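Novice: sequence first, then the predicted structure:
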Amino acid sequence: MLIYLHLIRYIIQFIQRSGLKEGDIFIMKKIFYWIFTIFQVIFLITACGIQFFSMKKMGMMRYVVYINRTWEAKYPVPALQYAAIAFLVLFCIIILLYVKIKKDIYIDKKALSMLIMEVIITLVFAIFTLVYSTESYRSYYFISLILGIIALIQNIKILVYLKR
């Protein structure tokens, strides 16, 4: 995930150094915004599809149960979940504090809606990860991972949008 943040930072720096005018950078931000939104929708559809097919198709159910057991054996899943929750909640709080402290940032309706969506998505991820388990959702690890990715994408969208 850190690689993606560095990649986005380098892309923004490249655009700024390439001599593009302010309008061109605004257009690039719009393009990034819509690309990231499409990624979020694709990830959300994927999570719904994984849950649907893991309950309806026996082969998918077997695969999901196999992956769940494999991940539980290989990785410290609870520690990773709590670390992901802490990271995303902390990231959300830092962005909110940055917006509150910075006086030169103009918060328009789009930025405000993005901030509200950030808080909602982060809360959905944290609540889903803490309340549910593999007993209640067979595809719990997949959905939790996808919700975390969606929350991270939302945070990146806000950072790119607020970068002036």
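Specialist: Right, received. Where do you want to start?
Novice: so Val65: helix, strand or coil?
Specialist: Here Val65 is helix, with the state taken from DSSP: H, G, I helix; E, B strand; the rest coil.
Novice: chain center to the helix ranked longest in the chain: distance?
Specialist: Longest helix of the chain, by residue count under DSSP state H: helix 22-56. In this view, helix 22-56 has its centroid 10 Å away from the chain centroid, taken as Cα atoms, centre = their mean, to the nearest Å.
Novice: would you indicate which residues of it are buried?
Specialist: Ile25, Met28, Lys29, Phe32, Tyr33, Phe36, Gln40, Phe43, Ala47, Ile50, Gln51, Ser54 (16 or more other Cβ atoms under 10 Å). Heads up, the C-betas are built off the backbone N, CA and C, glycines and all.
Novice: can you spell out which helices and strands pack onto it?
Specialist: Counting contacts by 3 or more Cβ pairs under 8 Å, 6 or more residues apart in numbering; DSSP states H and E, helix 22-56 is packed against helix 2-17, helix 58-74, helix 140-162.
Novice: which one, of those helices, ends up nearest to Phe87?
Specialist: helix 140-162 (8.7 Å; Cβ to Cβ).
Novice: how big is the angle separating the closest one from helix 22-56?
Specialist: 170 degrees (axes from the mean of the first three to the mean of the last three Cα atoms, to 10 degrees).
Novice: what is helix 140-162 packed up against?
Specialist: helix 2-17, helix 22-56, helix 58-74, helix 77-101, helix 109-131.
Novice: if you set the cut-off to 7 Å instead, what comes out?
Specialist: Packing contacts for helix 140-162, counted by 3 or more Cβ pairs under 7 Å, 6 or more residues apart in numbering; DSSP states H and E, involve helix 2-17, helix 22-56, helix 77-101, helix 109-131.
Novice: now the ones you listed in CSV, with distance to Val160 and mean pLDDT?
Specialist: Below are the helices and strands packed on helix 140-162 laid out as CSV (distance: least, Cβ to Cβ, whole Å; pLDDT from 0 to 100):
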stretch, distance to Val160, mean pLDDT
helix 2-17, 7, 64
helix 22-56, 5, 83
helix 77-101, 12, 90
helix 109-131, 10, 89
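Novice: list the residues that contact Tyr141.
Specialist: Neighbour list for Tyr141: Asn68, Trp71, Thr134 [criterion: Cβ atoms under 7 Å, 6 or more residues apart in numbering].
Novice: so the second one versus Asn155, what's the distance?
Specialist: As for Trp71, its distance to Asn155 is 24 Å (criterion: Cβ to Cβ, to the nearest Å).
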